[in-house]
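Asks: All I have is the shape, not the residue letters:
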Ligand code: MG
């Protein structure tokens, strides 16, 4: 009898102990916020991945992520060129709010003296609330002077180039601007005197861009390994496939798409190396990986530029080809696998990552960020219903549900030229993906509604100093 009672007690004790342990472990899990990896390509078009319909570029690793995660088909960057697009991703604010878009200059250049204002709160600074390790590997392009480098904006460490890979042109022997778009042209590193930096120091100049995708990935993997026991945020903005196109020897001449395809296939392979590392370290179930691009394809460079697929125009324009980008979210056992047709934007990373990590978004400023977590985790409809298309400090267009109204556009290839249509143009993007059929005359009530929305949005913008027009201080 006594023996039996003891047995029962011991069984009961074991049950309680197990329940207690599982309770402790679920609290511990809940207290471990997810790692976040954002892989951000440069000038990759909506139509450049296999899983977005490209017929000749092979992207098996990204296609697999799309299959296991969520592929977003109506996902936007907040500007059609590099600098303002990056400012928006990191701050959750349209760049007009912080002077990171300009009527005078599209982006920052080596002779620029401005950058992202230090008062802005970046994703890295947000995640510091939760003691994340924060690393950036790749192209910064938010100011190359010491007061604007990533280490002043919440990043513990930086390895990469401070602006675009075609800047600091030397025009040395063999360089001809007009052959950059020729199919037979392979650029030389020496023609672009771009610095490679570690934190605040230049460690290589010109950066050897032939191997840069692999080297960025090596650096990213080292960062993941070094921080595997604490939450980390890795921002990996590749500077390719922006022209000039470079590929490692083992990828050159391999893609049916030519050199541009070689570059994208090398990026795909290296995304795979990051996923393999997460799996080896058993971090994949606690790591959200996002893949997207900073703007559409640079059409002026012919086949050296990418493809926006069925979308109209490309980089530098507020047509869909300029701002709708191929986007994948992956987080095994958390992200609900699906194709998402709702609206989303890199602007939304701020509110979404805050929810997923238990951080507090800034409440002392206007944000343009929607929390997409319920769509990612539970397939609920995206909360984003509108989007504003700004470029060069001007509001060109707005989207409301399926409708998009243009009040101004840009030349599709020579995008430095603005075009003002005699009347606003209205497109139904879900029926007319390529913005071909202007319905403004048929739906004046929708034109009026979106015009009103644009006016209200403009009134909501505080003026800010133009950070892109500031020249380099004289030595
Ligand atoms: Mg770009």
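Replies: Ah, there it is. Quick caveat, the model's predicted, so the values are computed rather than measured.
Asks: Return the residues of the chain in contact with the ion.
Replies: With C-beta under 5 Å from the ion as the criterion, the chain comes near the ion at residues 42-43, 82, 294-295. All C-beta spots, glycine's among them, are computed from the backbone N, C-alpha and C.
Asks: where's residue 40, which helix or strand?
Replies: strand 35-41 (DSSP states H and E).
Asks: Sheet-wise, list the partners of that strand with their directions.
Replies: strand 232-237 (parallel), strand 287-293 (parallel) (DSSP bridges).
Asks: Now do the first one: everything it contacts.
Replies: Contacting residues not belonging to strand 232-237 are listed as 35-42, 86, 90, 123-124, 127, 132-141, 155, 160, 216, 220, 223-224, 274, 294 [C-beta atoms under 8 Å, 6 or more residues apart in numbering].
Asks: among those, which are in strands?
Replies: Residues from those lying in strands, with DSSP state E as the criterion: 35-41, 133-137, 160.
Asks: For the strand holding residue 40, which outside residues touch it?
Replies: Against strand 35-41 from outside (C-beta under 8 Å, 6+ apart): 86, 89, 123, 127, 132, 138, 220, 224, 231-238, 240-241, 267, 271, 274, 278, 283, 286-294, 349, 353, 356-357.
Asks: so how far is that strand off the chain centroid?
Replies: Centroid separation for strand 35-41 versus its chain: 8 Å, with C-alpha atoms, centre = their mean, to the nearest Å.
Asks: Filter the contacts of strand 232-237 down to the buried ones.
Replies: Buried subset of the contacts of strand 232-237 (neighbour count, 16 or more other C-beta atoms under 10 Å): 35-42, 86, 90, 123-124, 127, 132-141, 155, 160, 216, 220, 223-224, 274, 294.
Asks: Next, count neighbours for residue 330.
Replies: If you count neighbours by other C-beta atoms under 10 Å, residue 330 ends up with 26.
Asks: quick check: angle from the helix or strand where residue 267 lies to strand 35-41?
Replies: Per DSSP H and E: residue 267 is located in helix 259-280. In terms of direction (axes from the mean of the first three to the mean of the last three C-alpha atoms, to 10 degrees), helix 259-280 departs from strand 35-41 by 170 degrees.
Asks: show me where the stretch 101-250 of the chain has helices.
Replies: With DSSP state H, counting those that start in this stretch as the definition, the stretch 101-250 of the chain shows helices at residue ranges 123-128, 212-226.
Asks: Would you mind saying which of those helices lies nearest residue 63?
Replies: Relative to residue 63, the nearest member of the helices of the stretch 101-250 of the chain by C-beta to C-beta is helix 212-226, separated by 18.2 Å.
Asks: List the buried residues for that closest one?
Replies: Judged by neighbour count (16+ other C-beta under 10 Å), helix 212-226 contains these buried residues: 212-217, 219-221, 223-224.
Asks: nearest to residue 256, of these?
Replies: Closest to residue 256 out of the buried residues of helix 212-226 is residue 213 (19.3 Å), distances taken as C-beta to C-beta.
Asks: Return the distance of the closest residue to residue 211 other than its chain neighbours relative to residue 113.
Replies: Distance criterion C-beta to C-beta, 6 or more residues apart in numbering; nearest residue to residue 211, sequence neighbours excluded, is residue 248 at 5.3 Å. According to C-beta to C-beta, to the nearest Å, residue 248 stands 35 Å off from residue 113.
Asks: With residue 146 instead?
Replies: 12 Å.
Asks: same check, this time on residue 286
Replies: Residue 286 is 41 Å from residue 113, by C-beta to C-beta.
Asks: okay, now the residue of the stretch 1-150 of the chain found nearest the ion: neighbour count?
Replies: With C-beta to the ion, the shortest gap between the stretch 1-150 of the chain and the ion falls at residue 82, namely 3.9 Å. Burial of residue 82 is recorded as 25 neighbouring residues (other C-beta under 10 Å).
Asks: Now do the phi/psi pair for it.
Replies: Main-chain dihedrals, residue 82, degrees, to the nearest 10: phi -60, psi -60.
Asks: Find the residue ranges of this structure scoring beneath the pLDDT cut-off.
Replies: Within the chain, the stretches with pLDDT under 70 are 1-31, 177-179.
Asks: domains for it, by residue range?
Replies: Residue ranges for the domains of the chain, per automatic domain parsing: 33-381, 388-469.
Asks: nearest residue to residue 256 other than its sequence neighbours?
Replies: Nearest residue to residue 256, sequence neighbours excluded (C-beta to C-beta, 6+ apart): residue 56, at 4.3 Å.
Asks: With residue 447 as the reference, measure out to the one you found.
Replies: 40 Å.
Asks: who's more crowded, these two?
Replies: Each of residue 56 and residue 447 has its neighbours counted (other C-beta under 10 Å); residue 447 has more, 20 against 11.
Asks: Contact partners for the more buried one?
Replies: Contacts of residue 447 were listed using C-beta under 8 Å, 6+ apart, and they are 405, 424, 426, 440.
Asks: what about the third one, how many neighbours?
Replies: When neighbours are defined as other C-beta under 10 Å, residue 426 has 21 of them.
Asks: Buried residues, whichever helix or strand it is part of. List them.
Replies: Residue 426 is located in strand 425-428, with elements delineated by DSSP H and E. Buried residues in strand 425-428, counted by 16+ other C-beta under 10 Å: 425-428.
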